[in-house]
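Chemist: no FASTA, just this:
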């Protein structure tokens, strides 16, 4: 069993906790649910309980191309349709997944997915700094650091591998973002009206 | 060799049988222009999908190779049964999304554009749906189902759906409980209030029952087929693209980026806030089926184009492996041009004028 099983477990716990917070925007919850799936598959993989490495890679790819941008949308544009509306959050996730499948799956440009994740967290950091939400800014900085260390394959003195630093950075970052407690109250009324469908 | 090469003659045979049965019963289920348009839309979609479908197949092959988790024994019948059931489950979501998200409805609407309901309607398949459908089947690739299993069950699912497009078969007893049948598929093609967004299943209707989208056919209210924004054209090319144009036009005319986004991703019935309200109620007594005069010479030309087009398609499916991508593209492009010209000619003022002579 590698250390990554524990750090992925930590990330899974934090993600599941955030995904289950009813007052959080739906985009944030969906992003966290995606992170949780990837992390749980990581636990199965690195603990050796039931390794499904291809699924873990796939879910991690989804995390990079869909969950990070969803998280960014939720924080940068808190009133956007994608942030507040389940249908549009799902559509956004599906569109990003398609792009991810084409870019990473077919074109094999994993670096572009990592770049998208980095840019998303950078956007969160800038937004929170501008809003003077220092705790959130610190959390996103930690997350950005974890992503940067992972992308540059830097470990921590042989104790923690780059993947561990990514998981810890993400878990701490999500914990900080999740406790922002600054989500505008949701009216409960959907901004989307299904209207009159055609046959 | 494409399985459709063998399916097409069977489809034509079934259409002939349906025509004969309808004739014997003294009911009219076919109209000349509608039938030829359906057939031409189907033939054109096969030409186009030899290119578009190849993209879907390539994506599936890449995904199963890179992310497929399990190895399946293809000599075990259970593998195929499981793949078929799972395929049908994901087909339900493809189909439901195709009805409930406007930009995807633009691809699917052509299938519903016929105001008749017969086996030729089954041939009205989209030429543009290939760009999104493959995504929904990604879980099958993740499970590692080999490409040949995926393609086989996809063909089975599609071919099954052919025979349910008929008004001549009534309710089928207990089969209605779990299978897609002509009766519950008639509801799917209806534009009556009770038919809207119902019965999305491909082979199994259990998905509709599970997710609350099932409706039984009503004896007191026969479905009126078609869509509430009728195509009003016999043009296969226009039938495939008209809703895309409508969405773009509406988005351009709508104020605010949020509402513009809604034009693409909300349901087909969504109205911008500033638009005049549209009645959600279907008035069957006011419904008039699209019909235009059909002069004899035009009927002969259209029939010849349809027959020759179908034969060319069979040749194309038979010989396509020997074609280069440029040849395939040129062949398909030429056929799209032919069908577009024929569709245009049907409603040309000179043709319409001849009909009145």
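Modeler: Arrived safely, thanks for sending. Since the structure is predicted, the reported quantities are computational estimates derived from the model, not experimental observations.

Chemist: the helices in the stretch 1-150 of chain B, which residues?
Modeler: B:4-25, B:32-67, B:77-100, B:102-112, B:119-122, B:130-136, B:138-143, B:147-160 (DSSP state H, counting those that start in this stretch).

Chemist: can you tell me the average pLDDT over the shortest one?
Modeler: Across helix B:119-122, the average pLDDT comes to 97.

Chemist: which other helices and strands contact that helix?
Modeler: Counting contacts by 3 or more C-beta pairs under 8 Å, 6 or more residues apart in numbering or on different chains; DSSP states H and E, helix B:119-122 is packed against helix B:4-25, helix B:32-67. The C-beta positions use only the backbone N, C-alpha and C, and glycine is treated the same way.

Chemist: then the second one?
Modeler: In this structure, helix B:32-67 makes packing contacts with helix A:53-62, helix B:119-122, helix B:130-136, helix B:138-143, helix B:147-160, helix B:236-253, helix B:296-319, helix B:325-346, judged by 3+ C-beta pairs under 8 Å, 6+ apart.

Chemist: again, only this time at 6 Å
Modeler: Using 3 or more C-beta pairs under 6 Å, 6 or more residues apart in numbering or on different chains; DSSP states H and E, the elements in contact with helix B:32-67 are helix B:119-122, helix B:130-136, helix B:138-143, helix B:236-253, helix B:296-319, helix B:325-346.

Chemist: angle of that helix against helix B:147-160?
Modeler: For the pair helix B:32-67 and helix B:147-160, the angle between their directions (axes from the mean of the first three to the mean of the last three C-alpha atoms, to 10 degrees) equals 160 degrees.

Chemist: got the buried residues for helix B:32-67?
Modeler: In terms of neighbour count (16 or more other C-beta atoms under 10 Å in any protein chain shown), helix B:32-67 has its buried residues at B:33-50, B:52-53, B:56-57, B:59-64, B:66-67.

Chemist: and the helices of the stretch 1-150 of chain B, which one averages the lowest pLDDT?
Modeler: The weakest mean pLDDT among those belongs to helix B:130-136, with a mean of 89.

Chemist: ok, is that one in contact with chain A or not?
Modeler: Yes - among the residues of helix B:130-136, residue B:135 lie within reach of chain A under C-beta under 6 Å from any C-beta of the partner chain.

Chemist: same check on stretch B:234-248?
Modeler: No - contact between stretch B:234-248 and chain A, assessed by C-beta under 6 Å from any C-beta, is absent, since the two come no nearer than 9.4 Å.

Chemist: what lies in contact with that stretch?
Modeler: B:33, B:37, B:40-41, B:44, B:102, B:106, B:109-110, B:113, B:127-128, B:231, B:263, B:339-340, B:343, B:346 (C-beta atoms under 6 Å, 6 or more residues apart in numbering or on different chains).

Chemist: now that stretch: buried residues?
Modeler: For stretch B:234-248, burial by neighbour count (16+ other C-beta under 10 Å) applies to B:234-244, B:246-247.

Chemist: would you mind putting those into JSON lines with pLDDT alongside?
Modeler: As requested, the buried residues of stretch B:234-248 are arranged in JSON lines below (pLDDT from 0 to 100):
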{"residue": "B:234", "pLDDT": "96"}
{"residue": "B:235", "pLDDT": "97"}
{"residue": "B:236", "pLDDT": "97"}
{"residue": "B:237", "pLDDT": "97"}
{"residue": "B:238", "pLDDT": "97"}
{"residue": "B:239", "pLDDT": "97"}
{"residue": "B:240", "pLDDT": "97"}
{"residue": "B:241", "pLDDT": "97"}
{"residue": "B:242", "pLDDT": "97"}
{"residue": "B:243", "pLDDT": "98"}
{"residue": "B:244", "pLDDT": "98"}
{"residue": "B:246", "pLDDT": "97"}
{"residue": "B:247", "pLDDT": "97"}
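
Chemist: and of the residues you listed, the nearest to chain A?
Modeler: residue B:243 (9.4 Å; C-beta to the nearest C-beta).

Chemist: quick one: the closest one and residue B:107, what's the gap?
Modeler: Using C-beta to C-beta, to the nearest Å, one gets 8 Å for the distance from residue B:243 to residue B:107.

Chemist: ok, now residue B:269?
Modeler: Residue B:269 sits at a distance of 17 Å from residue B:107 (criterion: C-beta to C-beta).

Chemist: deepest of the helices and strands packed on helix B:32-67, which one?
Modeler: Among the helices and strands packed on helix B:32-67, the stretch with the highest mean neighbour count (mean count of other C-beta atoms under 10 Å in any protein chain shown) is helix B:119-122, at a mean of 26.

Chemist: got the residues of chain B near chain A?
Modeler: By the criterion of C-beta under 6 Å from any C-beta, the positions of chain B lying close to chain A are B:62-63, B:66-67, B:69, B:112, B:135, B:191, B:196-197, B:227-228, B:265, B:267-271, B:278, B:280.

Chemist: switch the cut-off to 7 Å
Modeler: By C-beta under 7 Å from any C-beta of the partner chain, the residues of chain B that approach chain A are B:59, B:62-63, B:66-69, B:100-101, B:112, B:135, B:138, B:142, B:190-191, B:195-197, B:226-229, B:258, B:261, B:265-271, B:278, B:280.

Chemist: residues near residue 165, how many?
Modeler: By default, I'm working from chain A. Other residues within reach of residue A:165 by the criterion other C-beta atoms under 10 Å in any protein chain shown amount to 20.

Chemist: think we crossed wires, I meant chain B
Modeler: A count of neighbours around residue B:165, defined by other C-beta under 10 Å, yields 26.

Chemist: and residue B:186, by the same measure?
Modeler: For residue B:186, which is what you asked about, the neighbour count (other C-beta under 10 Å) is 21.

Chemist: let me know the helix or strand that it is in.
Modeler: Using DSSP states H and E, residue B:186 sits within helix B:182-189.

Chemist: does residue A:56 touch residue A:39 like I think?
Modeler: No - Residue A:56 is beyond contact range of residue A:39, at 9.2 Å (criterion: C-beta atoms under 7 Å).

Chemist: which one's more surrounded, the two?
Modeler: Counting neighbours by other C-beta under 10 Å for residue A:56 and for residue A:39 shows that residue A:39 has the greater number, 28 against 23.

Chemist: assign the closest residue to chain A within the stretch 151-300 of chain B to helix, strand or coil.
Modeler: Minimum separation of the stretch 151-300 of chain B from chain A (C-beta to the nearest C-beta) falls at residue B:269, amounting to 3.5 Å. Using DSSP: H, G, I helix; E, B strand; the rest coil as the criterion, the local structure at residue B:269 reads coil.

Chemist: and it, its phi and psi?
Modeler: In this entry, residue B:269 is assigned phi and psi values of phi -90, psi 0 (degrees, to the nearest 10).

Chemist: pLDDT wise, what is it at?
Modeler: Per-residue confidence for residue B:269 comes out at a pLDDT of 91.

Chemist: what is the burial count for it?
Modeler: Residue B:269 has 21 neighbouring residues, counting by other C-beta under 10 Å.

Chemist: what's the answer for residue B:276, then?
Modeler: Each residue near residue B:276 was counted by other C-beta under 10 Å, and the total is 5.

Chemist: what's the helix or strand for it?
Modeler: For residue B:276, there is no helix or strand it lies in under DSSP H and E.
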